[in-house]
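J.: Quick one, what's the 3D model for this:
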Amino acid sequence: MKKLFITTVILFLTVAFPSYADGTLDSLIRKAQNGSAEAQCELGDKYRIGQGVSKDYMKAFKFYEKAALKGNADAQNCLGVMYEKGEGVIKNNNKALEWYKKSAIQGNTIAQTNLGVMYLKGEAFPKDYKKAFEWFEKAALKGKAEAQNNLGYMYVQGLSVTVDNKKAFEWFEKAAIQGNSDSQGCLGLMYATGQGGVAQDYGKAFEWYEKASLNGNTKAQYCLCLMYYQGQFVPKDYILAYAYSNISADIDSQCAKARDTIQKLMTPTQIEKAQEISREIFKKIEASSKKND
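T.: Numbers count the residues shown, from 1 in each chain. Model prediction:
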């Protein structure tokens, strides 16, 4: 299971804001100036991503801080992200940890997951797998897909818990159903190898790899490439093997090496066809990404 990897969660956009009467930016600014933590947090979001205003990390930080000091859990998480990434402020993992904790204690599942990742990675302080597991579990039990994926990873690796591929499978499945591409890829791998208390099933492996691939998962694209290259469950097809490896070849060395190897076995016409299919798949990935935004 060496190909399993951690979902690093850096989600920072707040959710479930109240709608404003006239929905204008001016109205939002007035509410923020009048002390509304929700409006201040939403303004932080707008400046953070440049929505309706020029992107400005320093202004985003200022508005998040105002809301966070009022106890707004979403803003507290966002401050944690900005400190962790060094956006609008000097990078400071200890400050990031501090704000994540404030938000996580209030039950914010994004902050709970981010906090778990910090303990898992151990940046700026010793790793603490026990605390990582505890925070992931809190968020996972509330349905946070990234946390569910990370619990699966910890069960596979035996971090703070005994190795248990069956429990790992259960958590990966919960996250995969929600569309988490890492977990979808992990399910594919578990079905392909017959781990996690399931029988080896290349058909289901292919199904999950395909879902993960369309969600932009490069590892799953590589696995589909191998299945077509080797004729595993599907007929051997160099064109499709090339197509899947080519999608992420520019950003994934494994895919690039596979593509270059397969290309030597193909004619120019086959390569042209494969590149066309690759472009079509990439368009589907982009459409899926926009749908999930």
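
J.: Residue 193 against residue 200, yeah?
T.: Yes - Residue 193 is within contact range of residue 200, at 6.8 Å (criterion: C-beta atoms under 8 Å). Quick note: C-beta positions are derived from backbone N, CA and C, even for glycine.

J.: ok, for residue 228, nearest residue in space, not its chain neighbours?
T.: Spatial nearest neighbour of residue 228, chain neighbours left out: residue 241 (3.9 Å); criterion: C-beta to C-beta, 6 or more residues apart in numbering.

J.: just the helices in the stretch 151-293 of the chain please.
T.: 165-177, 181-193, 202-214, 218-230, 238-247, 253-263, 268-292 (DSSP state H, counting those that start in this stretch).

J.: and of these, who's closest to residue 53?
T.: When those are compared by C-beta to C-beta, helix 268-292 sits nearest residue 53, at 21.8 Å.

J.: before we move on, the earlier item: contact partners for the residue nearest to residue 228?
T.: 225-226, 228-229, 258, 262 (C-beta atoms under 8 Å, 6 or more residues apart in numbering).

J.: buried subset of those residues?
T.: 225, 228-229, 258, 262 (16 or more other C-beta atoms under 10 Å).

J.: right, and out of the residues you listed, which lies closest to residue 51?
T.: Distances from residue 51 to the buried ones among the contacts of residue 241, taken by C-beta to C-beta, are shortest for residue 225, at 37.1 Å.

J.: Do I have it right that that closest one meets residue 248?
T.: No - taking contacts as C-beta under 8 Å, residue 225 lies outside contact range of residue 248: 9.9 Å.

J.: Report the set of residues contacting both of those two.
T.: By C-beta under 8 Å, 6+ apart, the residues touching both residue 225 and residue 248 are residue 255.

J.: so what's residue 257 up against?
T.: Here residue 257 is in contact with no residue (C-beta under 8 Å, 6+ apart).

J.: Could you tell me the per-residue confidence at it?
T.: pLDDT for residue 257: 96.

J.: Nearest residue to residue 40 in space, ignoring adjacent ones along the chain?
T.: Nearest to residue 40 is residue 67, by C-beta to C-beta, 6+ apart, at 4.0 Å.

J.: so how many other residues sit close to the one you found?
T.: When neighbours are defined as other C-beta atoms under 10 Å, residue 67 has 27 of them.

J.: Next up, identify which helix or strand it is on.
T.: helix 57-69 (DSSP states H and E).

J.: Hmm, residue 130 and residue 120 touching each other?
T.: No - judged on C-beta under 8 Å, residue 120 makes no contact with residue 130 at a distance of 10.6 Å.

J.: who's more crowded, those two?
T.: The residue with more neighbours, out of residue 120 and residue 130, is residue 120; 23 against 12, by other C-beta under 10 Å.

J.: So what's the residue count around residue 251?
T.: Neighbour number of residue 251 under other C-beta under 10 Å is 9.

J.: Next one: it from residue 149, what distance?
T.: Residue 251 is 21 Å from residue 149, where distance means C-beta to C-beta, to the nearest Å.

J.: Contact partners for residue 281?
T.: If you count contacts by C-beta under 8 Å, 6+ apart, then residue 281 has 213-214, 243-244, 247 around it.

J.: the domain parsing of the chain - what is it?
T.: 1-127, 201-293 (automatic domain parsing).
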